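S.K.: this one's structure only:
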């Protein structure tokens, strides 16, 4: 490896390196706009550009399956979820002046210091390391699927349990709590017929109210205070 | 390709996400920055996997498998995180993480909400109790 790396210099980049650098600049710029823009919806849309640029970087690194999974999951679902979250929390459409908190400059200092330290260490460590991109692709769907289902089956199955737990947890977290006090908006539509039916039943046969409460009981708890 | 290119890009993206996590006020923007940090880690994993799978004969492709796991866990994390943010927004009417400081210590004169009027007294009692415990 080291002998091969001696022949590659940074001053004579290959075509793949130039493409990687250009797409990397676009990705980094989009990420910077994502964390600095004052318009919340624009931040989510710039995040699409950053994540799509990362998918292109995966393709340039010959990891095609990861690239398409990135496009499907991140660009397809995560950003849509984030946009749903922005809309549901009544995010302002225009510029919001309080998008950044007061400790912005401290955060900038921490981030710049961390970036300087990381880039220095990483460049110092991997200056002469060369990735051989020729030959069969290292991350083709064939190779990825074979290794995933030969060596990583058990974590893969455990991951499905984790996704199920996350699904159940999200449902439990996002449903309204039905404790005692009724919601002012919930069940407004079915208040009329249910109470009408209940009063009718109680007027007709008082002994049978327990039977009718079995059907109307659930809506009754929600509808009437 | 030099390994330095993807690794430096990954470090820069990670620090961008770090700045976003520290500086943003809206909770959903913080979640976006967390996604940026996770993607930086994914790029690192893929780059090292492509390097090592050519350098080693019997490669397990652990980098790509871990990248897939990270993507799935990030999807689960964003679902749970958004559910929590929506629950907080429904209960409090805001998603600003600067205003969610019920467990903050050492904030004298912080205006308490009208809903939990007994919170400051309990907090003060707790603080005096803690001061007595330390004294």
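M.R.: Received the coordinates, thanks. Predicted model, so just to flag it, every value in this text is computed and none were measured.

S.K.: Run through the helices of the chain in chain order.
M.R.: Unless you meant another one, I'm taking chain A. A:2-6, A:15-36, A:40-60, A:64-69, A:79-88, A:104-125, A:141-151, A:153-174, A:191-204, A:209-223 (DSSP state H).

S.K.: actually it's chain B I care about, not the one you picked
M.R.: Using DSSP H, helices in chain B cover B:4-23, B:27-55, B:62-92, B:119-134.

S.K.: Any chance of those in CSV with mean pLDDT and mean neighbour count as columns?
M.R.: Every C-beta, even on glycine, is put in place using the N, C-alpha and C of the backbone. Listed next are these as CSV, based on pLDDT from 0 to 100; neighbours: other CB atoms under 10 Å in any protein chain shown:
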stretch, mean pLDDT, mean neighbour count
helix B:4-23, 95, 24
helix B:27-55, 92, 23
helix B:62-92, 91, 19
helix B:119-134, 47, 10
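
S.K.: Among those helices, which comes closest to residue A:99?
M.R.: For residue A:99, the closest of these is helix B:27-55, at 6.8 Å, according to CB to CB.

S.K.: Please see if that closest one touches chain A.
M.R.: Yes - residues of helix B:27-55 contacting chain A under CB under 8 Å from any CB of the partner chain: B:28-29, B:31-33, B:35-36, B:39, B:42-43, B:46-47, B:49-51, B:53-55.

S.K.: Find the nearest non-adjacent residue to residue A:8, please.
M.R.: Leaving out its chain neighbours, the residue that sits closest to residue A:8 by CB to CB, 6 or more residues apart in numbering or on different chains is residue A:130, at 5.4 Å.

S.K.: Which residue, other than its chain neighbours, is closest to residue A:70?
M.R.: Once flanking residues are discounted, residue A:70 sits nearest to residue A:55: 4.3 Å by CB to CB, 6+ apart.

S.K.: Compute the number of surrounding residues for that neighbour.
M.R.: Other residues near residue A:55 come to 23 when the count uses other CB atoms under 10 Å in any protein chain shown.

S.K.: Pick out the residue closest to the middle of the chain.
M.R.: Because you didn't say which chain, this covers chain A. Taking CA atoms, centre = their mean, the centroid of chain A lies closest to residue A:78, which sits 3.4 Å from it.

S.K.: my question was about chain B
M.R.: residue B:34 (5.3 Å).

S.K.: wait, doesn't it sit right on residue B:17?
M.R.: Yes - contact criterion CB atoms under 8 Å: residue B:34 and residue B:17 qualify, at 6.7 Å.

S.K.: what number of residues lie near residue A:121?
M.R.: Other residues near residue A:121 come to 11 when the count uses other CB under 10 Å.

S.K.: Model confidence at it, what's the number?
M.R.: With respect to pLDDT, residue A:121 scores 95.

S.K.: Residue A:33: what's it in contact with?
M.R.: Shown in contact with residue A:33 (CB atoms under 8 Å, 6 or more residues apart in numbering or on different chains): A:42, A:43, A:46.

S.K.: For residue B:8, find the nearest of the helices of chain A.
M.R.: helix A:104-125 (5.6 Å).

S.K.: ok, and what's touching the closest one?
M.R.: B:4, B:7, B:8, B:11, B:12, B:14, B:15, B:16, B:18, B:19, B:22, B:23.

S.K.: Apart from its neighbours in sequence, what residue is nearest the last one?
M.R.: Ranked by CB to CB, 6+ apart and with sequence neighbours excluded, the top spatial neighbour of residue B:23 is residue A:107, at 3.9 Å.

S.K.: Could you report the separation of that neighbour from residue B:20?
M.R.: Counting by CB to CB, to the nearest Å, the gap from residue A:107 to residue B:20 is 8 Å.

S.K.: Quick one, which of the contacts of residue A:33 are buried?
M.R.: Applying 16 or more other CB atoms under 10 Å in any protein chain shown to the contacts of residue A:33, the neighbour count classes A:43, A:46 as buried.

S.K.: What is the burial count for residue A:89?
M.R.: Residues near residue A:89, counting by other CB under 10 Å: 21.

S.K.: picking up where we left off before, distance of the residue nearest to the centre of chain A relative to chain B?
M.R.: As judged by CB to the nearest CB, to the nearest Å, residue A:78 and chain B stand 5 Å apart.

S.K.: Next one: the residue of chain B positioned farthest from its centre relative to chain A, how far apart?
M.R.: No residue in chain B sits farther from the centre than residue B:57, which is 37.4 Å out by CA atoms, centre = their mean. Residue B:57 sits 13 Å away from chain A when distances are taken as CB to the nearest CB.

S.K.: domain assignment for chain B?
M.R.: Using automatic domain parsing, the domain ranges for chain B come out as B:4-100, B:101-135.

S.K.: Nearest to residue A:151 among the ones you listed would be which one?
M.R.: domain B:4-100 (5.1 Å).

S.K.: gap between the two ends of that closest one?
M.R.: 41 Å (CA to CA, to the nearest Å).

S.K.: now swap in stretch A:9-18 and tell me
M.R.: Stretch A:9-18: ends 13 Å apart by CA to CA.
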